[in-house]
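Colleague: I need the structure of the sequence given here:
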Amino acid sequence: MPVAAHSENKMGGTTNKTSSPTRETRKDSATGAVRGKESQVASETSATIKKPPTSPYLSPGQLAKLKSGPKVHIFIGPADFQYVGVEGAYANLLAHFSNYAKAKLVNERAPGLSIIDGAKTAVVWIYKYMLAGGSDPDGLEKLDDLPIADLVVMYSHCVVLEYQQLMDRILALLHEKLYHSLPDVSTIKNIAIFAPSINKLAAKAVARILVQPLEFDYGPYMAHATNDDDFSTAIGLAVQDMLKRRIVTGVEYYNSDRPNRYVTWSTQYYRKRAQRTSPPPESKKTQPSTKDTQPVTPIAPTEGNKQKKSQKPKRATKSLAPSKVDETLKDDKSPHKPTTTLLDAGDSNSDPKAHVGDGTTIRPTQKYRKKPRCYTCKERGHTQHHCTNHISKDSVAQDTTTVPATPIKKTPDESTSKKLVDAIKEVTKKPVRPPPVCYACNDEGHIARNCPAPPAAYLQGAQTSNKNGVMEDITSQARTSAFHGRNKFYRRAKAERVHYDSIVVVGNGEGLRTCDREVRPGEYTRTGLPI
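Modeller: Below is the predicted model of the structure:
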């Protein structure tokens, strides 16, 4: 573990070795010296060494000022062969956060710091923590995320450097982590050396698993407890204290006013059972049989046993007497038609006062449904579809008592009916669309666009302008086709545009001929070529 060198280290410019008299010191004696260093730092107050400020906050200007001035190296490793762990560290920054660095670099004017058996990872992390102004450095793992073993190693280096601010923060994290996790044996040994104040927390963490069912091999912890009497005593006291607290907690929980509802029900159940004077009820299977002692009461056929519904006898269906029912229902003209339902005598749910003399039960809530009547033989009991008395039409006699049939009307003559149909079609047919009328010649049968010979009055005078803007009359020009009629699907300007059939050639006296307007498809050029 890291140990501070108590003498100055003289080092050259290019070599990393140090010639310190502490190299010859054995590790056992150094470890014993470090064990008492924590209590020494806490008890003694040096007049020359000032403690770091209680507030870790530094303004950006103050932190930038600390990152200036001379630089030194921090040597780590075994006492006989040390190497540079941090190269070019700011002396002012180290002296501000570490009392050990202030005593060596400021008071004794040492050229560097030496930490015997120090770990480079821990020293680099602590120095970058100082560079960040007392907060987690960027690019490295945060202090809260470090495991217990790494926190103990970091704490041992802080004890050597006398970095009280970081020591307090690590102790707070160890208090929290030891309550929820279990450290290994090597970590427990380091805690006993460098942080004896939290040795009881480590013992409680081990005692917490000892009072639980066997989860894994506790051999290494028990072996360490055998070798370390103080740790063994701490584990025994922690186990006894934990068991006492659990018993008190259980009693308070079960005697509380509002415990778990299942616990409340269970407690009340057993209390009532203990206070019960009469014996608990027995099940029917365990009770003695009473068939021989109690007489059996016979059950009437029309009465039902309400207690033993499963043993209720089935209803015995009873057919109705044909002499009492069919005679009244056979004649459909009888005004006394039954409006009730005739039930059997085995119905136990019916009113006993509704029984008649022959044993028939009448329920006046339903109507009697008559039997169907056949339309062929006029008998009840079946329909015409299932009738077996097929009677021919010739042998059927006309019933004089029934209403006479409607006389058959004679059909009209076929010619008369045809005329009637034609007359109806003539009246109901749709009107015929009138033929189109030409706007040019006012004749029916065609439109102005297809007019073969438009009248002279339909031809209008047309004027055009030459290249110089002179208007000329071109009405005398022969027209080969009629004007187009107006198309309602186009604009009025397009429909009423004047159409030209030929090109008007204008001479300028120079032997050249040209046209005074735009040439369009279907026209002819001055050389007679069609466009």
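Colleague: Show me which residues of the top helix by length along the chain are buried.
Modeller: As assigned by DSSP state H, the longest helix anywhere in the chain is helix 229-254. Of the residues in helix 229-254, Phe231, Ala234, Ile235, Ala238, Val239 count as buried by neighbour count, 16 or more other CB atoms under 10 Å. For glycine as for every other residue, the C-beta is placed from the backbone atoms N, C-alpha and C.
Colleague: now do stretch 59-72
Modeller: Leu63, Leu66, Val72.
Colleague: Show the end-to-end separation of it, please.
Modeller: End-to-end span of stretch 59-72 (CA to CA, to the nearest Å): 24 Å.
Colleague: And the longest helix of the chain, what does it pack against?
Modeller: helix 185-194, helix 199-210, helix 219-227, helix 261-275 (3 or more CB pairs under 8 Å, 6 or more residues apart in numbering; DSSP states H and E).
Colleague: what separates Cys438 from Pro220, distance-wise?
Modeller: Remark: distance between Cys438 and Pro220 (CB to CB, to the nearest Å) = 121 Å.
Colleague: Show me the shaky parts of the stretch 151-300 of the chain.
Modeller: For the stretch 151-300 of the chain, the stretches flagged by pLDDT under 70 are 215, 258-259, 280-281, 283-300.
Colleague: Strands along this structure, start to end?
Modeller: 3-4, 71-77, 83-90, 112-116, 341-343, 361-363, 463-465, 471-473, 505-507, 513-515 (DSSP state E).
Colleague: Would you single out the least confident of the ones you listed?
Modeller: Ranked by mean pLDDT, the strands of the chain bottom out at strand 341-343, which scores a mean of 43.
Colleague: who are the neighbours in contact with the closest residue to Arg208 other than its chain neighbours?
Modeller: Excluding the flanking residues, the one nearest Arg208 by CB to CB, 6 or more residues apart in numbering is Met242, at 6.9 Å. Counting by CB atoms under 8 Å, 6 or more residues apart in numbering, Met242 makes contact with Lys204, Ala207, Arg208, Val211.
Colleague: Which one of these sits in the busiest neighbourhood?
Modeller: Ala207 (21 neighbours; other CB atoms under 10 Å).
Colleague: Would you mind confirming that that residue makes contact with Val239?
Modeller: Yes. Using CB atoms under 8 Å, Ala207 is in contact with Val239, at 4.4 Å.
Colleague: one step back: show me which of the buried residues of stretch 59-72 is closest to Thr527.
Modeller: Leu63 (98.9 Å; CB to CB).
Colleague: With Ala132 as the reference, measure out to the closest one.
Modeller: Leu63 is 9 Å from Ala132, by CB to CB.
Colleague: ok, now Leu93?
Modeller: With CB to CB as the criterion, Leu93 and Ala132 are 11 Å apart.
Colleague: now Arg273
Modeller: 68 Å.
Colleague: Ala238 and Asp230: what is the separation?
Modeller: Counting by CB to CB, the gap from Ala238 to Asp230 is 13 Å.
Colleague: about what we covered before: which of Cys438 and Pro220 has more neighbours?
Modeller: Each of Cys438 and Pro220 has its neighbours counted (other CB under 10 Å); Cys438 has more, 20 against 12.
Colleague: which residues touch the more buried one?
Modeller: Counted by CB under 8 Å, 6+ apart, Cys438 has contacts Glu444, Gly445, His446, Ile447, Ala448, Cys451.
Colleague: about what we covered before: for Arg273 and Ala132, indicate the residue with more neighbours.
Modeller: Ala132 (13 against 9).
Colleague: Isn't the more buried one up against Asp138?
Modeller: Yes. Under the criterion of CB under 8 Å, Ala132 makes contact with Asp138 at 7.2 Å.
Colleague: Now do Cys387, the pLDDT please.
Modeller: 90.
Colleague: One more: the one 10 residues further on?
Modeller: For Ala397, the pLDDT comes out at 47.
Colleague: and the closest residue to Cys451 other than its chain neighbours, how far is that from Val159?
Modeller: Leaving aside its sequence neighbours, Cys451 sits nearest to Ala440 (CB to CB, 6+ apart; 4.3 Å). Plainly put, Ala440 is 121 Å away from Val159 if you go by CB to CB.
Colleague: and what of Lys65?
Modeller: 28 Å.
Colleague: cool, Lys71 as well?
Modeller: Counting by CB to CB - Lys71 and Val159 are separated by 25 Å.
Colleague: for the closest residue to Tyr221 other than its chain neighbours, what are its contacts?
Modeller: In this structure, Tyr221 finds its nearest non-sequential neighbour in Val206, 5.3 Å apart by CB to CB, 6+ apart. With contact taken as CB under 8 Å, 6+ apart, Val206 is in contact with Leu182, Ile188, Tyr221, Ala225, Ile235, Ala238.
Colleague: can I get the residues you listed in TSV with distance to Lys120?
Modeller: Output for these, formatted as TSV (distance: CB to CB, whole Å):
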residue	distance to Lys120
Leu182	28
Ile188	24
Tyr221	31
Ala225	33
Ile235	35
Ala238	36
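Colleague: For Val432, state which of those is nearest.
Modeller: Once CB to CB is applied, the member of these that ends up nearest Val432 is Leu182, at 108.9 Å.
Colleague: Which residue is the nearest non-sequential neighbour of the closest one?
Modeller: Ala205 (5.2 Å).
Colleague: burial of Gly381, as a residue count?
Modeller: By other CB under 10 Å, neighbour count at Gly381 equals 11.
Colleague: wait, the residue nearest to Leu182 sits on Tyr179?
Modeller: Yes. Between Ala205 and Tyr179 there is a contact under CB under 8 Å: 7.5 Å.
Colleague: ok, those two, which is more surrounded?
Modeller: Applying other CB under 10 Å to Ala205 and Tyr179 shows that Ala205 carries more neighbours, namely 21 against 11.
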